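1. output the structure for:
(chains A and B, ligands or ions: 2)
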Amino acid sequence: MTAMTMVQAINSALDCTMARDPNVLVMGEDVGFFGGVFRCTEGLYEKYGAHRALDTPIAEGGIVGAAIGMGVNGLRPVVEMQFADYIYPAIDQIISELARLRHRSGGEFWAPVVVRAPCGGGIRGGQTHSQSPEGIFTHVCGLKTVMPSNPYDAKGLLISAIEDDDPVIFFEPKRIYNGPFYGHDSSTGAVGWSSHPAGEVPEEHYRIPLGKANVLRAGSAVTVLTYGTMVHVAQAAVEACGIDAELIDLRSLLPLDLDTVAASVSKTGRCVVIHEATRTSGYGAELIAEVQEECFWHLRAPIERVTGWDTPYPHAFEWEYFPSQRRIIEALERTLAFD
Amino acid sequence: MTGQQGPAGVIPPRRKSKLHVPAASSRPGQVPDFSQLHIPPAGDASKPGLDVAALDTAALAHGLIRVLDDDGAATGEWQPDLSPQQLRDGLRHMLHVRAYDDRMFRMQRQGKLSFYMKCSGEEAVAVAQAMALESGDMLFPTYRQQGLLFVRGRSVVDMMCHCISNAGDNLKGRQMPVFYSWKEGNFFSISGNLATQYSQAVGWAMASAYKGEDHIAAAWVGDGSTAEADVHNAMLFAATYKAPVILNVVNNQWAISTPQSFASTGTTFAARGLGFNLPSVRVDGNDFLAVYAVTRWAAERARQGFGPTFVEHLSYRAAGHSTSDNPDGYRASGEAEAWPLGDPVQRLKQHLLRLGEWSEQQHSELEQELAAAVARDWKEAITHGTLEEGPHWPVESMFEDVFKEMPEHLVRQRRKVGEQL
Ligand SMILES: Cc1ncc(C[n+]2csc(CCOP(=O)(O)OP(=O)(O)O)c2C)c(N)n1
Ligand SMILES: [Mg+2]
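-> Ligands and ions are numbered 1, 2, ... in the order given. Here you go, the predicted structure:
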């Protein structure tokens, strides 16, 4: 085991898979010589060469289109979108092509492409460096959508994603690349990954299956469903208010580990769903629908949702926008107030 | 059934890759080398008539329009008709931009801004172009054309207020620094998503032609951003409808760490216009006079109904991409000094000195005057609030302008935020 940041764990996952399989390559804007604007592909150019740590033109649609062609012709491209906010020029290739190729060709063609993208706010990035568009992709049939919350999971999940024969959209919350984050108004403060248990990462190849949630904290009073940066904010909120919550890090949004979710909510009878993304038609709405379908007779309170607001991500009002510990605690208290 | 690929983990034998991956002008530790870049002498390029056909611009698209020679003399058919006062104005604007950039960069380093982007080395492009256009012409810039704002007379205090998202920010704290918008100055809202403005500029120009007006549009993209589909869309629409638009590519050699060779395909950017049947020229972007002359010519073409012009400005990004970037990680230090087209400010200064219309003393006095002006403007800007301390716009204002009229769900969300405060 080695202490790794999330960036280093992602880098290690890429390195392990590239070492094992010469068909794996990384491609994207500034990922080659420079090693990526967030350093996730650092060293791969030196180790595997310019054609396996492939710099590309700034054309996200072209990058994904080319990756699909490469995938069809036997390669396993791991695409980096510089920011999740810049996936949109590639949306037609992702939604109309990548996601549906296997189905529309009757299983003849498929492209095992992974699209990695740093997502989320908390870095004063304004509206085009802060978005959490995961709900757009979970709405598309044929895509798997993953969002890790720590270095250990990031590596294991990314290796599974790369080795998966289906396309995977792999969101990396950039706020926690270099350390967990407990929310702006947190008294816990930010510490690095080196002092966090999930910052201990094996050097070697290992997988974490897609579709398996992680119960971070067992509890009996209420189930908290979340993923990405909000896992840490939620954890700090639960500790701060002393409510005996069961905290579940979903890790994989699609496929969703509904068994783990349903078992928990059936036990606690209460549920709070938390994400950074905007509220309306967000992934939380899907979660709430699933929970009420599976657990209706066990529910003792309306399911609460804590999310970003339905506005573009504001530069000046980051901390009024970003779901805070306080908003989470209020939601927990509201659910518990029901008898 | 045959699968299309072997199972992961089975390593097939592989020959050496034949995939071509373009190279950079330099990487750290190397000696910067622009010897591949052919720089024709100033005054060589011919100036065609306004009705020139795209095919007949091929030499200009592959060549380079230059007016100022190495001694600062203006020469050739492209010499613009600029008075010494206009030249001095141009120099002042470029120095003002430079003083502003320096100040804002330092303020970012002191934590007063979240982010900043300089345009060092490419000031001539935006400044000369804005001077060559009419005030009613609509500008669709990127984040590196702040010079347009200085020429059009935007208040520097207002620009600063935007950059620190304070109560005086006309964008109400919503945008990152440098993503200006200024409707009054016909300066379009800058997008964070590269190249989207290019086809929008064409549409604006189409509307101008549709309404029978004389206003034209001008748009800019960087060398790297020419790769985006929006650029190709814009070129096709501009050519199809003969839209009155100037489509500019600022080739400053770098797109963050990626050299221009990843988008230029081994030829000039201007040459791409020829394939769309667009009259296309390549100009020395560090030559204030040449940029001005080309822009006048292209604007006149557009205004007289000859349609779009595609212009590549050959320049160099002398500073880092942004405050988040350290170029020493991907290019040789000293590359800017090796850039064969020099520095736009120095070159215009040299020209004015040669004309006897400027002196070293005037130059250093002007630099001091502008540095002092920018420092004063900063002091005034922060009286309207700072990024960290405020005052900002009211927090609830973030729910405004999502729609013209606020729908119920946003009214509810706004109320919740209000209760929290
Ligand atoms: C659609 C999109 N993709 C990626 C980015 C990230 N990005 C911002 S600037 C930049 C480089 C642009 O280079 P260039 O077009 O040459 O302009 P320059 O910065 O040199 O002026 C990149 C990749 C973005 N803003 N938008
Ligand atoms: Mg560039």
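
2. going forward, measure contacts between C-alpha atoms and count neighbours the same way
-> OK.

3. with just CA atoms, put stretch B:211-226 into CSV.
-> Only the C-alpha atoms of stretch B:211-226 are listed here, as CSV (Å, rounded to 0.1, in the frame of the first residue of the first chain):
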residue,chain,number,x,y,z
LYS,B,211,-32.0,43.5,-42.4
GLY,B,212,-30.0,45.4,-45.1
GLU,B,213,-27.7,47.0,-42.5
ASP,B,214,-24.0,47.9,-42.9
HIS,B,215,-22.8,46.6,-39.6
ILE,B,216,-20.4,43.7,-39.8
ALA,B,217,-19.3,41.1,-37.3
ALA,B,218,-15.9,40.0,-36.3
ALA,B,219,-15.0,36.8,-34.5
TRP,B,220,-11.8,35.3,-33.0
VAL,B,221,-10.6,31.9,-32.1
GLY,B,222,-7.2,30.5,-31.0
ASP,B,223,-5.2,28.1,-33.1
GLY,B,224,-6.1,25.2,-30.9
SER,B,225,-9.8,26.0,-31.0
THR,B,226,-9.9,25.9,-34.8
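
4. so which bits of it are buried?
-> The neighbour-count check on stretch B:211-226 (16 or more other Cα atoms under 10 Å in any protein chain shown) flags B:215-226 as buried.

5. quick one: is it near chain A?
-> Yes. Interface with chain A: stretch B:211-226 contributes B:224-226 (Cα under 8 Å from any Cα of the partner chain).

6. how about residues contacting stretch B:352-360?
-> When contacts are defined by Cα atoms under 8 Å, 6 or more residues apart in numbering or on different chains, stretch B:352-360 is touched by residues B:72-73, B:84, B:87-88, B:349.

7. the strands in the stretch 51-200 of chain A, which residues?
-> For the stretch 51-200 of chain A, the strands defined by DSSP state E, counting those that start in this stretch cover A:53-55, A:76-80, A:114-119, A:144-146, A:168-173, A:200-201.

8. what's the offset of stretch A:117-124 from the middle of its chain?
-> Offset of stretch A:117-124 from its chain centre (Cα atoms, centre = their mean, to the nearest Å): 11 Å.

9. okay, buried residues for it please.
-> A:117-122, A:124.

10. is any residue of it near chain B?
-> Yes. Stretch A:117-124 comes into contact with chain B when judged by Cα under 8 Å from any Cα, the residues involved being A:Arg124.

11. does B:His162 count as helix, strand or coil?
-> helix (DSSP: H, G, I helix; E, B strand; the rest coil).

12. typo on my end, B:Pro40
-> Secondary structure assignment for B:Pro40 (three-state DSSP): coil.

13. run a quick neighbour tally on it.
-> Other residues within reach of B:Pro40, judged by other Cα atoms under 10 Å in any protein chain shown, total 12.

14. show me the contacts for it.
-> B:Pro40 makes contact with B:63-64 under the criterion Cα under 8 Å, 6+ apart.

15. now with 7 Å?
-> Taking Cα atoms under 7 Å, 6 or more residues apart in numbering or on different chains as the contact definition, B:Pro40 lies against B:Leu64.

16. pLDDT wise, what is it at?
-> Looking at B:Pro40, its pLDDT reads 98.

17. what distance do you get for it to ligand 1?
-> Here B:Pro40 is placed at a distance of 24 Å from ligand 1 (Cα to the nearest ligand atom, to the nearest Å).

18. same question for A:Ser252.
-> 26 Å.

19. check the residue nearest to that residue when sequence neighbours are not counted and give its pLDDT.
-> Counting by Cα to Cα, 6 or more residues apart in numbering or on different chains, the nearest residue to A:Ser252 once its immediate chain neighbours are dropped is A:Val146, at 4.3 Å. With respect to pLDDT, A:Val146 scores 98.

20. so A:Val146 bridges to which residues?
-> According to DSSP bridges, the residues that bridge with A:Val146 are A:Phe170, A:Ser252.

21. that one against A:Arg251, yeah?
-> Yes. Contact between A:Val146 and A:Arg251 holds when scored by Cα atoms under 7 Å: they sit 6.0 Å apart.

22. now the residue nearest to B:Ala24 when sequence neighbours are not counted. Its backbone dihedrals?
-> Nearest in space to B:Ala24, with sequence neighbours left out and distances taken as Cα to Cα, 6+ apart, is B:Pro259 at 5.3 Å. With angles defined as degrees, to the nearest 10, B:Pro259 sits at phi -70, psi 160.

23. bridged to B:Pro259, which residues?
-> So, taking DSSP bridges as the rule, B:Pro259 has B:Trp254 as bridge partners.

24. tell me, how many residues neighbour it?
-> By other Cα under 10 Å, 25 other residues sit near B:Pro259.

25. what about it, distance to A:Asp165?
-> According to Cα to Cα, to the nearest Å, B:Pro259 and A:Asp165 sit 33 Å apart.

26. which helix or strand contains B:Arg154?
-> Remark: B:Arg154 resides in no helix or strand, with elements defined by DSSP states H and E.

27. okay, now it: neighbour count?
-> By the other Cα under 10 Å criterion, the neighbourhood of B:Arg154 contains 14 residues.

28. name the nearest residue to it, ignoring sequence neighbours.
-> Spatial nearest neighbour of B:Arg154, excluding adjacent residues (Cα to Cα, 6+ apart): B:Gly185 at 7.4 Å.

29. right, and the one you found touches B:Arg152 too?
-> Yes. With contact defined as Cα under 7 Å, B:Gly185 counts as touching B:Arg152 (6.5 Å).

30. related to what we said a few turns ago, within reach of ligand 2, which of the residues of stretch B:211-226 next to chain A are there?
-> The subset of those within reach of ligand 2, by Cα under 5 Å from the ion, is empty.

31. stretch B:305-315: which residues count as buried?
-> Going by neighbour count (16+ other Cα under 10 Å), the buried part of stretch B:305-315 is B:306-315.

32. what are the contacting residues of it?
-> Under Cα under 7 Å, 6+ apart, the answer for stretch B:305-315 is B:51, B:122, B:238-239, B:242-252, B:269-270, B:273, B:278-286, B:298, B:301-302.

33. hang on, the earlier thing: just curious, which of the buried residues of stretch B:211-226 is nearest to A:Gly28?
-> Of all the buried residues of stretch B:211-226, the one sitting nearest A:Gly28 is B:Gly224; the distance, using Cα to Cα, is 12.8 Å.

34. give the contact list for that closest one.
-> If you count contacts by Cα under 7 Å, 6+ apart, then B:Gly224 has A:57-58, B:255, B:260, B:263 around it.

35. residue ranges with poor pLDDT in chain B?
-> Within chain B, the segments meeting pLDDT under 70 span B:1-15.

36. domains in it, by residue range?
-> Residue ranges for each domain of chain B read B:48-390, B:394-421, as given by automatic domain parsing.

37. give me every residue in chain B lying close to chain A.
-> Proximity of chain B to chain A (Cα under 7 Å from any Cα of the partner chain) is limited to residues B:4-5, B:8-11, B:19, B:21, B:114, B:165, B:173-176, B:192-193, B:224-225, B:227-229, B:257-258, B:262-263, B:329-330, B:395, B:398-399, B:402, B:410, B:413.

38. stretch B:142-161 and ligand 2, are they touching?
-> No. Against ligand 2, stretch B:142-161 shows no contacts by Cα under 5 Å from the ion, the least distance being 9.5 Å.

39. with adjacent residues omitted, what lies nearest to residue 300?
-> Picking chain A for this. A:Arg300 sits nearest to A:Gly269 (Cα to Cα, 6+ apart), 5.2 Å away.

40. you answered for a different chain; I wanted chain B.
-> Distances taken as Cα to Cα, 6+ apart put B:Leu50 closest to B:Glu300, at 7.3 Å, once the chain neighbours are dropped.
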